[in-house]
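Participant: this one's structure only:
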């Protein structure tokens, strides 16, 4: 695998149409439609400086969010790039028993309806129920 | 407990805030109690003492990786929440370079906040805000390396 220079990082950002903002450094940023971001910063005059292994790893993986180092080099060459964004893997929290009972016995929802209700929504319904004025 | 329409924090409009500026400062700083400034034609904002805000943000110490290059001896520092990367010929040089570059990185983040608040970077805001509160280079370095200072204490 060839060593990377900051000019390669610049080329990647230009090919991938990152937005560019110049201050004392060149900032390259990209916002993807699903709300994920990528971006890096290149100091003025650093283009011919080589990145050490640790820095290069941070750039291609953490800043530019490439799926692999090969994707970085593909981007440098102007070829299609695959990005790697984390996929939410945690299952939604289960409803506690008191909310399940409330939805079933008070709101008269079926089991098939209850499984579609999130913890936040169930809690909101429960709070709304408790907030209703009561007949005395 | 009864719920009333009376706000908990003291409220001022623009004019009363100006007229009672000393009172506002006293309540915020000496009383350590935020006050709300509610202009007629703008969103309300909250005045809070800097030290109090720093205290609230104390858990948000950035995660750093400090890595020497085995070949050159150069030291590279990565700041996770800021996505900042600097390299220096040794630790002191890298740290000094970081202190020079972080203000730009913080300003860049804050300038893009209207967009970033809708992205995966939103979670980084309290870390960035704490760094933004640094009033000097030494304080900025202390904020950046606070996690190491805590670990070695």
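Facilitator: Thanks, I have the structure now. It should be emphasised that the depicted structure is a prediction, and the values quoted were computed from it without experimental measurement. Residues are numbered from 1 along each chain as shown, chains lettered A, B, ... in the order given.

Participant: going forward, measure contacts between C-alpha atoms and count neighbours the same way
Facilitator: OK.

Participant: not counting its neighbours along the chain, what's nearest the residue of chain A found nearest chain B?
Facilitator: For chain A and chain B, the shortest gap (C-alpha to the nearest C-alpha) falls at residue A:35, measuring 4.3 Å. Spatially, and ignoring its direct neighbours in sequence, residue A:35 is nearest to residue B:119 (4.3 Å; C-alpha to C-alpha, 6 or more residues apart in numbering or on different chains).

Participant: hmm, residue A:30 and that neighbour touching each other?
Facilitator: No. Between residue B:119 and residue A:30 there is no contact under C-alpha atoms under 8 Å: 10.9 Å.

Participant: give me the common contacts of these two.
Facilitator: Counting by C-alpha atoms under 8 Å, 6 or more residues apart in numbering or on different chains, the common neighbours of residue B:119 and residue A:30 are residue A:37.

Participant: can I see the domain layout of the chain?
Facilitator: Assuming you mean chain A. For chain A, automatic domain parsing gives the domain ranges A:6-76, A:97-131.

Participant: that answer is for a different chain, and I need it for chain B
Facilitator: Chain B breaks down into these domains under automatic domain parsing: B:11-51, B:64-152.

Participant: quick check: residues of chain B near chain A?
Facilitator: Contact residues (C-alpha under 8 Å from any C-alpha of the partner chain) of chain B with chain A: B:67, B:69, B:76, B:78, B:83, B:85, B:104, B:118, B:119, B:120, B:121.

Participant: which one of those is nearest residue B:146?
Facilitator: Nearest to residue B:146, judged by C-alpha to C-alpha, of those is residue B:78 at 14.4 Å.

Participant: what's across from that closest one in the sheet?
Facilitator: residue B:65, residue B:85 (DSSP bridges).

Participant: is it true that it touches residue B:65?
Facilitator: Yes. Taking contacts as C-alpha under 8 Å, residue B:78 lies within contact range of residue B:65: 5.1 Å.

Participant: who has more neighbours out of those two?
Facilitator: Neighbour totals were compared for residue B:78 and residue B:65, and residue B:78 leads with 21 against 13 (other C-alpha atoms under 10 Å in any protein chain shown).

Participant: could you list every residue that touches that one?
Facilitator: Shown in contact with residue B:78 (C-alpha under 8 Å, 6+ apart): A:58, B:64, B:65, B:66, B:84, B:85, B:86.

Participant: with residue A:66 instead?
Facilitator: Counting by C-alpha under 8 Å, 6+ apart, residue A:66 makes contact with A:60, A:72, A:81, A:82, A:83, A:84.

Participant: try residue B:106
Facilitator: Residue B:106 makes contact with B:82, B:128, B:131, B:132 under the criterion C-alpha under 8 Å, 6+ apart.

Participant: out of those, which is nearest to residue A:7?
Facilitator: Looking across these and measuring by C-alpha to C-alpha, the closest to residue A:7 is residue B:82, at 21.9 Å.

Participant: what about that closest one, how many residues close to it?
Facilitator: For residue B:82, the count of nearby residues is 21 (other C-alpha under 10 Å).

Participant: so it makes contact with residue B:130?
Facilitator: No. Counting by C-alpha under 8 Å, residue B:82 stays clear of residue B:130, with 11.6 Å between them.

Participant: the helix or strand of chain A with the lowest mean pLDDT and chain B, are they touching?
Facilitator: Lowest on mean pLDDT, DSSP states H and E among the helices and strands of chain A sits helix A:119-131, with a mean of 81. No. Judged by C-alpha under 8 Å from any C-alpha, helix A:119-131 stays clear of chain B, getting no closer than 11.7 Å.

Participant: can you give the contact residues for that helix?
Facilitator: Helix A:119-131 has contacts (C-alpha under 8 Å, 6+ apart) with A:93, A:94, A:95, A:99, A:102, A:103.

Participant: distance of the residue nearest to the spatial centre of chain A relative to residue A:8?
Facilitator: Most central in chain A under C-alpha atoms, centre = their mean is residue A:36, positioned 3.9 Å from the mean C-alpha point. Taking C-alpha to C-alpha, to the nearest Å as the measure, residue A:36 falls 23 Å from residue A:8.

Participant: circling back to that earlier point, for the least confident helix or strand of chain A, which positions count as buried?
Facilitator: A:119, A:122, A:123, A:125, A:126 (16 or more other C-alpha atoms under 10 Å in any protein chain shown).
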